[in-house]
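Participant: Give me the fold of what follows.
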Amino acid sequence: MTWLQGRVIRFRVSQEGKQALAGAIDKDSILGLVEVVDDLGVWIVVGTPVPDKPRLLRLLKWDYFSTAVLEIEPVEDAPPRLHIGFGA
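Facilitator: Below is the predicted model:
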């Protein structure tokens, strides 16, 4: 899941997440820049980072969100690779 790192993603928060994050968020979803993905969940920056200030990371545990929405660019087809082996 490292491909999520560096992307801005909207996470729809689960019912358990709403309870755990009470006071930190007041909506059904949260928009954040994914900094780190690990076994616990995704560590995100919410809002605009301030230059020359430490970034405040929030942990969204895997159980705390139900869906995630992000934009991705389609990958162009790679050129065919030559196979090494015996030809007929």
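Participant: And the strands in the protein?
Facilitator: Assignment of strands within the chain using DSSP state E yields the ranges 8-13, 29-37, 41-45, 57-61, 65-69.
Participant: which other helices and strands contact the last one?
Facilitator: In this structure, strand 65-69 makes packing contacts with strand 8-13, judged by 3 or more CB pairs under 8 Å, 6 or more residues apart in numbering; DSSP states H and E. The C-beta positions use only the backbone N, C-alpha and C, and glycine is treated the same way.
Participant: Quickly compare the strands of the chain and say which is most buried.
Facilitator: Mean neighbour counts were taken over the strands of the chain using mean count of other CB atoms under 10 Å, and the top value, a mean of 20, falls to strand 41-45.
Participant: Quickly run through the sheet partners of it, with directions.
Facilitator: Strand 41-45 has its sheet partners listed here by DSSP bridges as strand 29-37 (antiparallel), strand 57-61 (antiparallel).
Participant: Please report the distance of the nearest residue to Ser66 once chain neighbours are set aside from Asp77.
Facilitator: Counting by CB to CB, 6 or more residues apart in numbering, the nearest residue to Ser66 once its immediate chain neighbours are dropped is Ser14, at 4.6 Å. Computed with CB to CB, to the nearest Å, the distance linking Ser14 and Asp77 is 37 Å.
Participant: quick one: which of these two has more around it?
Facilitator: Each of Ser14 and Asp77 has its neighbours counted (other CB atoms under 10 Å); Ser14 has more, 18 against 6.
Participant: The more buried one and Leu21, how far apart?
Facilitator: 10 Å.
Participant: list the residues that contact both of those two?
Facilitator: Between them, Ser14 and Leu21 share the neighbouring residues Tyr64, with contact defined by CB atoms under 8 Å, 6 or more residues apart in numbering.
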